[in-house]
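S.K.: What would the 3D arrangement of this be:
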Amino acid sequence: MERRTIGAGALAVGAVGLGCMPMSWAYSTSRQRGEESLRAVHRALDLGASLLDTADMYGPFTNELLVGRALKERRSDAFVSTKVGLLVGDQHIVANGRPGYVKRACDASLRRLQTDVIDLYQLHRADPEVPVEETWGAMAELVQAGKVRALGLCAVGARSSRRGGSGLHDATIRQLERVQQVFPVSAVEAELSVWSPEALEALLPWCATRGVGFLAAMPLGNGFLTGRLRPGAGFEADDLRARHPRFTAEMMAANQPIVAGLRRVARRHGDGVSPGQVALAWVLAQGRHVVPVPGTKQERWVTENAAAAGLRLEPEDLREIAELPPAQGSWD
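M.R.: Here you go, the predicted model:
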């Protein structure tokens, strides 16, 4: 697989990564099987999809434990990214950016991941009660201690960013400007996909001009852009899409023209090309510093997603995708 680099330190990863969250959190619990997910991780590493994206809050903790089982055997093949800063309670999630907590959380993640160093340690959310510079300074100390290789920041949630008429990623960029004064940012993780392209406006250019890598979260639109989800089929109660405005039967039907457009492009590239691969190739085409991180828990989808790294979209393909209708339905 093609390799791409993250940040000024030129950390090399496969062009397509693997989002591990669906293996143990937020998506249909009844379909989460540890051994099947472990095979998916090994398949990703076999194919060169080396970036494994997890977080301590996924599960909580169980996702890191799962990834750690693979890392114990194949640490040299993997680039591990995990996150800190969010705590999962009973029916709520809270931020904790206190320096002492960050350091303890890193040690706990290292134990669960069965490794002595985290390649990319990301701040999941800034704590409103703690200056972000203090949290980032504690994370920088982890780099100096040899426990972490590089630091990243996850984008602020859309709801808070849109208050007061500001742009979607204005709050994230303000945070980035602040923490850059403390220690270099190597990567930013934010949503980017054909049906959610807002990062192209300001956040992606900010990263490009500063040599910061961009990890594209949800590049398949939570599965919608694969064309495998049927309007009205429904989701399990614990699946985040069961409560998502864009995944009502009405909105899924209204957004089918987007999938139809991806299918048209796929057909031009051969019978074996899928709409999901076109969606990933579109993300890859947005810049050499961009690495899509599609989430899955099955080997067959890992294989399909990894193959998108070899799909090159032509200018007419990109024009057709750019002319697709914007997605309907709130993303909040």
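S.K.: any idea how far Val244 is from Ile321?
M.R.: Actually, residue 244 is His. It isn't Val. Distance, His244 to Ile321, using Cβ to Cβ, to the nearest Å: 23 Å. (C-beta placed from N, C-alpha, C; glycine too.)
S.K.: try His124
M.R.: For His124, the distance to Ile321 (Cβ to Cβ) stands at 30 Å.
S.K.: what's the answer for Leu65, then?
M.R.: Taking Cβ to Cβ as the measure, Leu65 falls 38 Å from Ile321.
S.K.: Give me the more crowded residue out of these two.
M.R.: The residue with more neighbours, out of Leu65 and Ile321, is Ile321; 21 against 16, by other Cβ atoms under 10 Å.
S.K.: CA atoms only for the helix or strand where the more buried one lies, dumped as CSV, please.
M.R.: Here Ile321, judged by DSSP states H and E, is contained in helix 315-322. Only the C-alpha atoms of helix 315-322 are listed here, as CSV (Å, rounded to 0.1, in the frame of the first residue of the first chain):
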residue,chain,number,x,y,z
PRO,A,315,-10.7,14.8,-13.2
GLU,A,316,-14.1,14.0,-14.6
ASP,A,317,-14.8,11.7,-11.6
LEU,A,318,-13.9,14.5,-9.2
ARG,A,319,-16.1,16.9,-11.1
GLU,A,320,-19.1,14.6,-11.0
ILE,A,321,-18.7,14.0,-7.3
ALA,A,322,-18.4,17.8,-6.7
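S.K.: I'd like to know which elements that helix is packed against.
M.R.: helix 256-268, helix 275-284 (3 or more Cβ pairs under 8 Å, 6 or more residues apart in numbering; DSSP states H and E).
S.K.: Now mean pLDDT and distance to Leu313 too, for those helices, in CSV please.
M.R.: Listed next are the helices and strands packed on helix 315-322 as CSV, based on pLDDT from 0 to 100; distance: least, Cβ to Cβ, whole Å:
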stretch, mean pLDDT, distance to Leu313
helix 256-268, 98, 7
helix 275-284, 98, 5
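S.K.: Looking at those helices, which is nearest to Ala208?
M.R.: Closest to Ala208 of the helices and strands packed on helix 315-322 is helix 275-284 (Cβ to Cβ; 14.1 Å).
S.K.: Quick one: residues in contact with the closest one.
M.R.: Contact with helix 275-284 is made by 15-16, 192-194, 216, 219-221, 225-228, 259, 262-263, 265-266, 269, 290, 292, 294, 304-305, 307-309, 311-313, 317-318, 321, as judged by Cβ atoms under 8 Å, 6 or more residues apart in numbering.
S.K.: Buried subset of those as a ChimeraX selection?
M.R.: Buried residues among the contacts of helix 275-284 (16 or more other Cβ atoms under 10 Å), as a ChimeraX selection:
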select :15,16,192,193,194,216,219,220,221,225,226,227,259,262,265,266,269,290,292,294,304,305,307,308,309,311,313,317,321
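S.K.: any chance of the helices and strands packed on helix 315-322 in TSV, with distance to Lys72 too?
M.R.: Formatted as TSV, those follow (distance: least, Cβ to Cβ, whole Å):
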stretch	distance to Lys72
helix 256-268	38
helix 275-284	29
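S.K.: most packed of those helices?
M.R.: Among the helices and strands packed on helix 315-322, the stretch with the highest mean neighbour count (mean count of other Cβ atoms under 10 Å) is helix 275-284, at a mean of 26.
S.K.: what's the angle between that one and helix 256-268?
M.R.: Counting by axes from the mean of the first three to the mean of the last three Cα atoms, to 10 degrees, helix 275-284 lies at 90 degrees to helix 256-268.
S.K.: so for the helix or strand just after helix 275-284, what's the average pLDDT?
M.R.: Downstream of helix 275-284, the first helix or strand assigned by DSSP H and E is strand 290-293. For strand 290-293, the mean pLDDT works out to 98.
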